[in-house]
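Enquirer: what follows is a predicted protein model with its sequence.
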Amino acid sequence: MTTTRLSARAAIASVTDPGSFAELPAPQRDSAPDGPLTWAGYDDSRARATARTGEEESVVTGTALIGGRQTAVISFEFGFLGGSLGERTGDRLEAAYTYAREHRLPLVSLIATGGSRMQEGMLALTQLQRVARQSVLTRAAGLPQIAVLRDPTTGGGWATLGAGADVVLALPGAQVGFAGSRVRPADADPAAYTAEGQYAAGHVDAVVPPAGLPAVLADWLRVLAAPRSAEPVGPPAALADVAPPRTGWDAVRQARHPDRPRAEAYLDAHFALRLPLSGDRAGGTDPGMLCGFGLREGRAVAYAAQCGTATRPAGYRTAARVIRLADRLGIPVLTLVDTPGAANDAAAEHAGAGAAIADTFAAVAAAAVPVTTLLIGEGGSGGALALAAPGNTWVTPDSYFSVIAPELAAAILKRPASEAASTADQLRIRPQDLVALGVARGVVAPA
């Protein structure tokens, strides 16, 4: 069974605890025959849609338990005029968002829509503004919004409820895109309009098989409903039991050792549950930046972790996105720094490396929630510093932080390559140097 072509109520039943769904009352609206445009045959089309689906509109709204947690739920009925949005659809959506805010509930949207309803013209299109306003109000209230993209999710439904959600999950093979199948260029690559294509482009956080969707939603609600605290998270323990480096060059060698523990090992050791977020929402992903939310001793924590590679602009934008989301939800942040530096090839420059790094600096600087940083390997220049928390950065014994790599520093100073090691000493990049300089609070020990 899949949830791509399920009815609205069957889709709800597939992800919620049995018997827990309670439908919200539908707002009432008087309408002229054949709708606001007096579109000939519109009333008959609605009547046929109701007879076929048992629904009076293209969305069903209510509350339900997902993994035992009370949640506001919106589910689209694609069998009702293609799940299209009209004025009465907008009424129901607005009421659902309002209920979620009034009762402090997270909102889960199970989307399957072709877009705005032709028979209501511009009045249908303006429902997107209503939805956008409700999403903004819900975001400002500090409540999470999770979207599940069913088949299809196109047009304004994708551009508001879908892409505007905090966490975007999609079902395999679902058609996802702003342009529906009948309005795309004839030569368009069909793969670009799929859940998998949108995931690869950084617009979807995860593609989840239907069988796994209830557990994934339950995990997300568990993490996002976990207790909040104004206290910063403690830095993870070091995973390598190594002695502090004797020289600056020893520090570089230890940090560059191929067997040194990397970000994924630190995250797995630190979190009891970890849920990834993927993509910068601007067309890019960076596998060298792991981002998401997790549980640490029952407490929700957001994370952004470099994996030892040169960080791409998409990686910085993804990290900034997650830090801002955590700040809005009141969740503290952990960053793991490990990069030889920002990617500096032509593609990175074209993708806005400088702007992306600046945005990450800004996200860390503006965060009202506490940010904790652990340097776990290489700290290469501004590309590493962008993720570092001022006043709350810690270091492992097998790490170093430098204004620039020692080899490049020697080159800039017009020294021979053989002087890279002595230059490393002059730069004072060892973990213990960083503490003495006040750049780091301390060197963490193994557990």
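Expert: Here it is on my side, so go on.

Enquirer: okay, stretch 279-292 in PDB with CA atoms only?
Expert: C-alpha atoms of stretch 279-292 as PDB (Å, rounded to 0.1, in the frame of the first residue of the first chain):
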ATOM      1  CA  GLY A 279      19.500  20.900   1.300                       C
ATOM      2  CA  ASP A 280      19.800  24.600   1.200                       C
ATOM      3  CA  ARG A 281      16.400  25.300  -0.400                       C
ATOM      4  CA  ALA A 282      18.200  27.100  -3.200                       C
ATOM      5  CA  GLY A 283      19.100  24.200  -5.500                       C
ATOM      6  CA  GLY A 284      22.100  22.700  -3.700                       C
ATOM      7  CA  THR A 285      23.300  20.100  -1.300                       C
ATOM      8  CA  ASP A 286      26.600  19.400   0.300                       C
ATOM      9  CA  PRO A 287      27.300  15.800   1.500                       C
ATOM     10  CA  GLY A 288      30.200  17.300   3.500                       C
ATOM     11  CA  MET A 289      27.800  19.100   5.900                       C
ATOM     12  CA  LEU A 290      25.500  17.000   8.100                       C
ATOM     13  CA  CYS A 291      22.500  18.900   9.500                       C
ATOM     14  CA  GLY A 292      19.400  18.000  11.500                       C
END
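
Enquirer: now do it: everything it contacts.
Expert: Contacting residues not belonging to stretch 279-292 are listed as 163, 199-205, 263-264, 267, 274-278, 302-319, 321-322, 339, 351 [CB atoms under 8 Å, 6 or more residues apart in numbering]. C-beta: built from backbone N, CA, C; applies to glycine.

Enquirer: repeat for stretch 337-348
Expert: 262-263, 288, 305-313, 316, 353, 357, 373-384, 386-388, 393, 399, 401, 404-405.

Enquirer: how about stretch 254-274?
Expert: Contacts of stretch 254-274 with the rest of the structure, by CB under 8 Å, 6+ apart, involve 219, 222-223, 236-237, 239-240, 242, 245, 290, 292-297, 301, 303, 305-308, 334, 336, 338, 374, 376-378, 397-400.

Enquirer: so how do I select the buried members of these in PyMOL?
Expert: PyMOL command restricting these to the buried ones, with burial defined by 16 or more other CB atoms under 10 Å:
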select buried, resi 219+222+223+236+239+240+245+290+292+293+294+295+296+301+303+305+306+307+308+334+336+338+374+376+377+378+397+398+399+400
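
Enquirer: restricted to helices, list the contacts of stretch 254-274.
Expert: The helices, defined by DSSP state H, take in D219, R222, V223 from the contacts of stretch 254-274.

Enquirer: and the helices in the stretch 101-250 of the chain, which stretches?
Expert: Along the stretch 101-250 of the chain, counting by DSSP state H, counting those that start in this stretch, helices occupy 121-125, 127-140, 155-157, 195-200, 213-224, 248-255.

Enquirer: now the shortest one: average pLDDT?
Expert: Same thing as helix 155-157. Averaging pLDDT along helix 155-157 yields 93.

Enquirer: what helices and strands are in contact with it?
Expert: Packed against helix 155-157 by the contact rule (3 or more CB pairs under 8 Å, 6 or more residues apart in numbering; DSSP states H and E) you find strand 107-113, helix 127-140.

Enquirer: go through the ones you listed and name the closest to G438.
Expert: helix 127-140 (37.1 Å; CB to CB).

Enquirer: of the ones in helices among the contacts of stretch 254-274, closest to G142?
Expert: Closest approach to G142 among the ones in helices among the contacts of stretch 254-274 (CB to CB): V223, at 14.8 Å.

Enquirer: can you read off the pLDDT for the closest one?
Expert: Looking at V223, its pLDDT is 96.

Enquirer: I'd assumed G294 was in contact with it.
Expert: Yes. With contact defined as CB atoms under 8 Å, V223 counts as touching G294 (6.8 Å).

Enquirer: which neighbours do these two share?
Expert: Joint contacts of V223 and G294 (CB under 8 Å, 6+ apart) are L273, L275, A300.

Enquirer: circling back to that earlier point, out of the contacts of stretch 254-274, which sit inside strands?
Expert: Those of the contacts of stretch 254-274 mapping onto strands are 290, 292-296, 301, 303, 305-306, 334, 336, 338, 374, 376-378, 400, per DSSP state E.

Enquirer: just the residues contacting stretch 43-59, thanks.
Expert: Residues outside stretch 43-59 that contact it (CB under 8 Å, 6+ apart): 7-8, 26, 33-35, 74-86, 88-89, 92-93, 113, 119.

Enquirer: which of those residues are buried?
Expert: When these are checked for burial by 16+ other CB under 10 Å, the buried set is 7-8, 34-35, 74-86, 88-89, 92-93, 113, 119.

Enquirer: generate a ChimeraX selection restricted to the buried entries among the contacts of stretch 279-292.
Expert: Typed into ChimeraX, the line below selects the buried ones among those, using 16+ other CB under 10 Å:
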select :163,199,200,201,202,203,204,205,263,267,274,275,277,278,302,303,304,305,306,307,308,309,310,311,312,313,314,315,316,317,318,319,321,322,339,351
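
Enquirer: which residues of this protein score low on pLDDT?
Expert: 1-4 (pLDDT under 70).

Enquirer: mind giving me the domain split of it?
Expert: Domain ranges of the chain: 8-224, 248-436, per automatic domain parsing.
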